[in-house]
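Mind looking at a prediction? Sequence and model below.
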Amino acid sequence: MQVKKYRASSVKEALDQVKKELGNEALIIETRKVKSKGLKGFFKPALMEVTAVLETPSVQPFLLPRASSDENTKKEIEKLKEMVKSLQAQTALNSINVEEKRSSSGSLEGPLTKIKLKLLNTGMESDSADAIIRELIYEGIDLENATEFNEEIKSVMKKYVKCSSIEAKVKSKTQKPTVVFLVGTTGVGKTTTIAKLAARYHLEENLKVGLITVDTYRIAAVEQLRTYAEIINIPIEVAYNKEEYVKALRRFENMDLIFVDTAGRSQKNLAQIGELREFLSIKKPEEVHLVLNASCRIEDLKAVLAAFIPLGVTHLIYSKVDESKSYGSLFDLIRMTNLPLSYIASGQRVPEDLDLADPDSVIELILEG
Ligand SMILES: Nc1nc2c(ncn2[C@@H]2O[C@H](COP(=O)(O)OP(=O)(O)OP(=O)(O)O)[C@@H](O)[C@H]2O)c(=O)[nH]1
Ligand SMILES: [Mg+2]
């Protein structure tokens, strides 16, 4: 702050000086008449003294973005808003982790922690639960009251859950046939699921369905599929090598749908999985469904994904849900792969124990079991 006194023969002149030196922002705090001291002063005309103050701002004024229609400015503001939102979400998530630590020592338990614990109880990974909560915060949903799995939580989860079955493809496709491979580890239910699908699409939807098995390592495997083919009354081809597979495809060229059964492969044996690739590379199938066992631990399922996804998997099938108690892993799988879920297998009965996946029931299964 600057304080200065100006003297002149008139107030106007003094003010002119103030204005010249301090500018228009100066404040006049006093105006008075002054006489020079002593005898000489007595005969001189009085002067006018003006005391002026200029406030110097202590902080630089914050430069606000100009309100303008400028696209860049708008984008910048949007970016800032996004940053603020994600910071808020992260702060909230950090606070849950603190609360988790506290509640494990027996004290505080906030609403966010309750939601997170509920989500973790479904068996999903902490990362998945955090992703849901982050999205809830992002959407500005009042989490204080969201202790139950309410509609908001479900609608946030719905953003991740995509479902798509074979019929969409078959019905939209003018060119026949649609070739669908089922792949996965040993004993997850590939052959049984193919029997369920073949029965469904041949008997209920009246489609022309053919089966090909390239799982010729065990006689029992071939016999298992042949038996189902006879019961459903559809043709089957057994391909012991690539040439036979090509022949089988040719024989079935007028079919609507061809299901290809493959041998179960351990996620640990990449060489075996490589053999599958040979069949897949002859002619790229329309769809490759990876069958995943609901009762497997998520660590094992992750290894299965890592081994099989590079084959060109297009869909996930979640099997043996009747043998599992919690289904949070399904959310992890969908989130990690970003692939659509096609079917859910829930028992050994052919064809009854197979459901088309749909987002609402998938979310219900994940949350409520
Ligand atoms: N509980 C239950 N059992 C199932 C389900 N799907 C298949 N199974 C059973 O699991 C066992 C293995 O099923 P398959 O269909 O032979 O499995 P796969 O994947 O073809 O096995 P491999 O060809 O040996 O790799 C059989 O006893 C089936 O009846 C299911 O959804 N629930
Ligand atoms: Mg099989």
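It's in. Ligands and ions are numbered 1, 2, ... in the order given.

now what about stretch 2-20, what contacts it?
Around stretch 2-20, the neighbours that count as contacts under CB atoms under 8 Å, 6 or more residues apart in numbering are 21-22, 26, 28-29, 31, 34, 45, 47-54, 56. For the C-beta atoms, the positions are set from N, CA and C on the backbone; glycine is no exception.

Mind checking which of those residues are in helices?
When the contacts of stretch 2-20 are checked against helices (DSSP state H), the matches are 21-22.

can you pull the contacts of D353?
Under the criterion of CB under 8 Å, 6+ apart, the contact list for D353 reads 196, 322, 345-347.

Which single one of these is nearest to N72?
A345 (52.5 Å; CB to CB).

Now do the closest one against L354, distance only.
5 Å (CB to CB, to the nearest Å).

Quick check: neighbours shared by those two?
Where contact means CB under 8 Å, 6+ apart, the residues bridging A345 and L354 through contact with each are 193, 196.

and the closest residue to ligand 1 within the stretch 201-350 of the chain, which of the three is it?
Using CB to the nearest ligand atom, the point where the stretch 201-350 of the chain gets nearest to ligand 1 is G264, with a distance of 2.1 Å. For G264, the secondary-structure state derived from DSSP: H, G, I helix; E, B strand; the rest coil is coil.

cool, E275 as well?
If you use three-state DSSP, then E275 falls in the helix class.

quick one: it from A263, how far?
8 Å.

Who has more neighbours out of those two?
A263 (18 against 14; other CB atoms under 10 Å).

Helices along the stretch 201-350 of the chain, start to end?
Along the stretch 201-350 of the chain, the stretches classed as helices by DSSP state H, counting those that start in this stretch are 219-232, 242-251, 270-282, 298-308, 328-337.

what sits against the residue in the stretch 1-150 of the chain positioned nearest to ligand 2?
Evaluated by CB to the ion, the stretch 1-150 of the chain has G123 as its residue closest to ligand 2, separated by 26.5 Å. For G123, the contacting residues are 298, 326-329, taking CB under 8 Å, 6+ apart as the criterion.

Share the number of residues neighbouring the nearest residue to H289 once chain neighbours are set aside, please.
Leaving out its chain neighbours, the residue that sits closest to H289 by CB to CB, 6 or more residues apart in numbering is H315, at 4.4 Å. By the measure other CB under 10 Å, the count of residues near H315 is 24.

hang on, H315 packs against T337?
No. With contact defined as CB atoms under 8 Å, H315 does not count as touching T337 (9.7 Å).

Mind listing the shared neighbours of those two?
Taking CB under 8 Å, 6+ apart as the contact criterion, H315 and T337 have no common neighbours.

ok so, going back, just the buried ones from the contacts of stretch 2-20, in PyMOL syntax?
Buried residues within the contacts of stretch 2-20, by 16 or more other CB atoms under 10 Å, are selected in PyMOL with:
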select buried, resi 22+26+47+48+49+50+51+52+53
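
Filter the contacts of stretch 2-20 down to the ones in strands?
28-29, 31, 34, 47-54 (DSSP state E).

Now tabulate those residues in a markdown table and tack on pLDDT and distance to ligand 2.
Written out in a markdown table, the entries for the ones in strands among the contacts of stretch 2-20 read as follows (pLDDT from 0 to 100; distance: CB to the ion, whole Å):
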| residue | pLDDT | distance to ligand 2 |
| --- | --- | --- |
| I28 | 78 | 97 |
| I29 | 77 | 96 |
| T31 | 79 | 103 |
| V34 | 81 | 110 |
| L47 | 85 | 111 |
| M48 | 86 | 108 |
| E49 | 85 | 106 |
| V50 | 83 | 101 |
| T51 | 84 | 99 |
| A52 | 82 | 95 |
| V53 | 80 | 92 |
| L54 | 79 | 89 |
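
For those, give me CSV that also has distance to ligand 1.
Formatted as CSV, those follow (distance: CB to the nearest ligand atom, whole Å):
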residue, distance to ligand 1
I28, 90
I29, 89
T31, 96
V34, 104
L47, 105
M48, 101
E49, 99
V50, 95
T51, 93
A52, 89
V53, 85
L54, 83
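
Show me what from the protein comes close to ligand 1.
Those residues of the chain that sit near ligand 1, judged by CB under 6 Å from any ligand atom, are 184, 186-192, 215, 221, 264, 319-320, 322-323, 345-348, 353.

related to what we said a few turns ago, most neighbours among the contacts of G123, which one is it?
Using other CB under 10 Å as the neighbour test, the contacts of G123 are led by S329, with 26 neighbours.
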